[in-house]
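> Below is the sequence, then the predicted model.
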Amino acid sequence: MLSPSQEEAVCHGSGPCLTLAGPGSGKTYVLTRRIQHLITKGGVPPEQILVITFTKAAALEMKERFIGLMGQEYPVVFGTFHSVFYGMLRREPGFRTYRLLDHKSKQAILKETAYVVKMSCAEDDLLHMEQEISYIKNTMVALAEYASPYFPNEKIIKLYEHYEARKEVYHLLDYDDLLVKTRELLYKDPSFLSKWQKRFSYLLLDEVQDMNALQFEIIRLLALPDNNLFAVGDDDQSIYGFRGARPDLMFSFENYYPGVKILQLRDNYRCKARILQASLALISHNEIRFTKEILGQKEEKGNLEVVSLADKKAETAYLVQILKQQRTGGKNWEDMAVLYRNHAQIGSVIEALQDEKIPFYVKDAVPNPYKHFVMLDLIAYLRLGSPLLHRPDLFRIMNRPDRFLQRASVTREWTTFEAWKHFYQDQPGMQRTIEKLEGDINFLRSLSGPAAITFICKRLGYEAFLKKQARDDAEYQKWQESIGLLKETAKNAKTTGQIIEQWEIERDAIDRINQEKSLDKEGKVGLYTLHGAKGLEFDTVFILDCNETILPSKKADSREKIEEERRLFYVGMTRAKENLYLLAIRQEQGKKMHPSRFLKEIEKVQT
Ligand SMILES: Nc1ncnc2c1ncn2[C@@H]1O[C@H](COP(=O)(O)OP(=O)(O)OP(=O)(O)O)[C@@H](O)[C@H]1O
């Protein structure tokens, strides 16, 4: 049954309304019932109702809950900003010839552009370029005022301009362009504006705390002239600051809409008492927030455990033990979830779950560490042990470290050292370079396991090459982890061929997990990043590695960023209904690990 404040939100008439509410207070619940109310009591034609969520999964979930409530489908539009605006643009003749870039093609264009403006295209650089271009678009910051955290400003601006021009030539749009172009068109074309204003007479917006400036501007235009805008959000759950989310926009609603109705939902229906108290104790340490009263509706205490474990191995063993205990105690696998800060943390968990035959579901694709460029370079060296040399392997390693060899010198797909030397018949210096490599590769062939990898790194100068390429020590250390992982994988290999076999097994295992990721999550333990767990709830939740440098992340180097990390932790904690396990480790790869400051902040509630 709706609480009185939920009832007020659901039955709000026309005009703008902002509902502020804590976790588990029924925001999603209210949204679906408001749609029902608009159709059945307000007489609003369903096709005129637009519901915007932040992820495809949330849109689907909301639609399913709504159909469940109504017992049949209605033509209400549920979608993300991107999908809704893409639908609007596609109907415009000027945009029919444009194609939407998928991630791979976008990276290819970025690489081409980076080459033109003479910027490095290492994997991490490309990632930062993508993030920065997206940030510029979504925040609408003027290029001249943009300060890049990773690149010289003039470089990133040049890259941005070339990238945009190149896309225009090929008639391509990236995801952010869907918003940029929609905004442009709404301003430029009055008939486009009025067509969509009439089409969507009621706008409902979920998770408004994660909206950025560009999204808000488009929504304000679309909502005119009646401003039937109903938004729900929680500033404490704002976790997309790095993408330009502006939780403060929620609180400027009154400036844009004087007299807007502002409602609060105070009751938490999800978490048992100790879990809720600890979550509230945690979030009270944030200074940039609106204080709000949150009242638990569940009287049972629930179970909150903070567990310190020796290392990752002990953490994984503990996790498996509790999962099994809970299952024996009557929980279904899908009632439990394992949350983590980043994918690198779950390799050992995945292995253990596979070994123990515990079914699991991974929401996001796991980056495959066995396809990291360092790993691929090392494997390419190892493959040269065969009599015939394969061109892609040679291309990978010929100038890592720099040997001043030209790509054109490898004239065939499969070649030999002899044929390669022949290309340089008039250049004895280059012939000697190839001879030296040949000698080294022959010696490499006689080595086994980790020794072969050490040989490539030390004797062939690959490590020195990495050191020169790395932007800083942290990046070099990260690349070193890849070398460490391959050595670990190779530890029982007797020949270079066996190292390659072992590497293929590990690489394919992660690829398989990624292929399965879209499958049904019924009957499976959920593995989610903390970002990916937003909006979900489970009986039992584990948060892995509650340690300094992970949670909060080592990248959080300002008070604002620490506050965002704390909000992320808060989102994670408040996913739990009955049992919450916060696991911390004491050491990793011989390095001492300190418990997260967030654990200290909830200490009083635990005891
Ligand atoms: N009035 C109510 N009475 C009983 N249960 C309720 C009520 N309102 C919501 N709930 C239940 O509380 C839980 C949380 O609701 P919901 O998922 O809608 O919260 P939310 O505010 O969207 O949460 P979050 O922001 O943390 O994702 C759900 O299981 C929902 O069914």
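Now that the structure is in, tell me what you want to look at. Note that the coordinates shown come from a computational prediction; the quantities given were computed from them, not determined experimentally.

> check contacts around the closest residue in space to R327 that isn't next to it in sequence.
Spatial nearest neighbour of R327, excluding adjacent residues (C-beta to C-beta, 6 or more residues apart in numbering): W333 at 6.6 Å. Backbone N, C-alpha and C define where each C-beta goes, glycine included. Contacts for W333 (C-beta atoms under 8 Å, 6 or more residues apart in numbering) come out as L323, R327, I358, P359, F360, G523, K524, V525.

> go on, A231?
P16, C17, L18, T19, L204, L205, V208, M250, F253 are the contacts of A231 under C-beta under 8 Å, 6+ apart.

> Repeat the analysis, applying 7 Å as the threshold.
A231 makes contacts with L18, L205, V208, as judged by C-beta atoms under 7 Å, 6 or more residues apart in numbering.

> Drop anything exposed from those.
The neighbour count (16 or more other C-beta atoms under 10 Å) marks L18, L205, V208 as buried among these.

> my guess is the last one contacts F230, does it?
When you say that, I think you mean V208. No: using C-beta atoms under 7 Å, V208 is not in contact with F230; the gap is 9.9 Å.

> hang on, the earlier thing: show me the contacts of W333 that map onto strands.
Of the positions in the contacts of W333, F360, V525 sit in strands, assigned by DSSP state E.

> Selecting buried members of the contacts of W333 in PyMOL, what would you type?
Restricted to buried positions by 16+ other C-beta under 10 Å, the PyMOL selection for those reads:
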select buried, resi 323+327+358+360+524+525
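
> Could you save the contacts of W333 as JSON lines and add columns showing pLDDT and distance to the ligand?
Shown next, in JSON lines, are these (pLDDT from 0 to 100; distance: C-beta to the nearest ligand atom, whole Å):
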{"residue": "L323", "pLDDT": "98", "distance to the ligand": "22"}
{"residue": "R327", "pLDDT": "97", "distance to the ligand": "22"}
{"residue": "I358", "pLDDT": "95", "distance to the ligand": "25"}
{"residue": "P359", "pLDDT": "92", "distance to the ligand": "23"}
{"residue": "F360", "pLDDT": "91", "distance to the ligand": "22"}
{"residue": "G523", "pLDDT": "92", "distance to the ligand": "20"}
{"residue": "K524", "pLDDT": "93", "distance to the ligand": "20"}
{"residue": "V525", "pLDDT": "95", "distance to the ligand": "19"}
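
> Quickly check the contacts of W333 for the two that are furthest apart.
Taking C-beta to C-beta as the measure, these span a maximum distance of 13.4 Å, between L323 and G523.

> Please state the backbone phi and psi of the residue of the stretch 401-550 of the chain at minimum distance from the ligand?
Closest contact between the stretch 401-550 of the chain and the ligand, by C-beta to the nearest ligand atom, is at G535 (4.4 Å). With angles defined as degrees, to the nearest 10, G535 sits at phi 80, psi -10.

> Now it. Nearest residue, chain neighbours left out?
A58 is the one closest to G535 (C-beta to C-beta, 6+ apart), at 5.4 Å.

> How much space separates the one you found from the ligand?
9 Å (C-beta to the nearest ligand atom, to the nearest Å).

> same question, G71
For G71, the distance to the ligand - C-beta to the nearest ligand atom - is 18 Å.

> for A122, same thing?
37 Å.

> Count the neighbours of that residue for me.
16 (other C-beta atoms under 10 Å).

> circling back: surely the residue of the stretch 401-550 of the chain closest to the ligand and F54 touch.
No: at 8.4 Å, G535 does not count as touching F54 under the criterion of C-beta under 7 Å.

> What mean pLDDT does whatever helix or strand D511 lives in get?
Here D511 sits within helix 496-516, counting by DSSP states H and E. Averaged over helix 496-516, pLDDT sits at 82.

> buried residues in it?
T496, I499, I500, Q502, W503, E506, R507, I510, I513.

> need these in TSV with distance to K467, can you?
Shown next, in TSV, are those (distance: C-beta to C-beta, whole Å):
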residue	distance to K467
T496	24
I499	23
I500	25
Q502	27
W503	23
E506	26
R507	26
I510	27
I513	32
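
> sorry, back to before: mind pulling up the pLDDT for the residue of the stretch 401-550 of the chain closest to the ligand?
We have a pLDDT of 85 for G535.

> For A59, see how far away it is.
For G535, the distance to A59 (C-beta to C-beta, to the nearest Å) stands at 11 Å.

> Find the helix or strand that L20 is a member of.
Going by DSSP H and E, L20 is in strand 17-21.

> Hmm, I typed the wrong one, I wanted V306.
strand 303-309.

> Could you do V51 as well?
V51 belongs to strand 49-53, assigned by DSSP H and E.

> Contacts for the helix or strand of the chain with the lowest mean pLDDT, please.
Scoring the helices and strands of the chain by mean pLDDT, DSSP states H and E places helix 603-606 at the bottom, with a mean of 74. With contacts defined as C-beta under 7 Å, 6+ apart, helix 603-606 is touched by R274, Q277, A278, A281, L304, V306.

> which residue ranges form the helices in the stretch 51-200 of the chain?
With DSSP state H, counting those that start in this stretch as the criterion, the stretch 51-200 of the chain has helices at 56-70, 81-90, 103-116, 123-139, 153-170, 175-188, 190-199.

> Nearest to S596, out of the ones you listed?
helix 123-139 (25.2 Å).

> and that closest one with helix 103-116, angle?
With axes from the mean of the first three to the mean of the last three C-alpha atoms, to 10 degrees as the basis, helix 123-139 and helix 103-116 are set at 100 degrees to each other.

> Next, the buried residues of helix 123-139.
Buried, per 16+ other C-beta under 10 Å, within helix 123-139: D125, L126, H128, M129, E130, E132, I133, Y135, I136, K137, N138, T139.

> All set, thanks.
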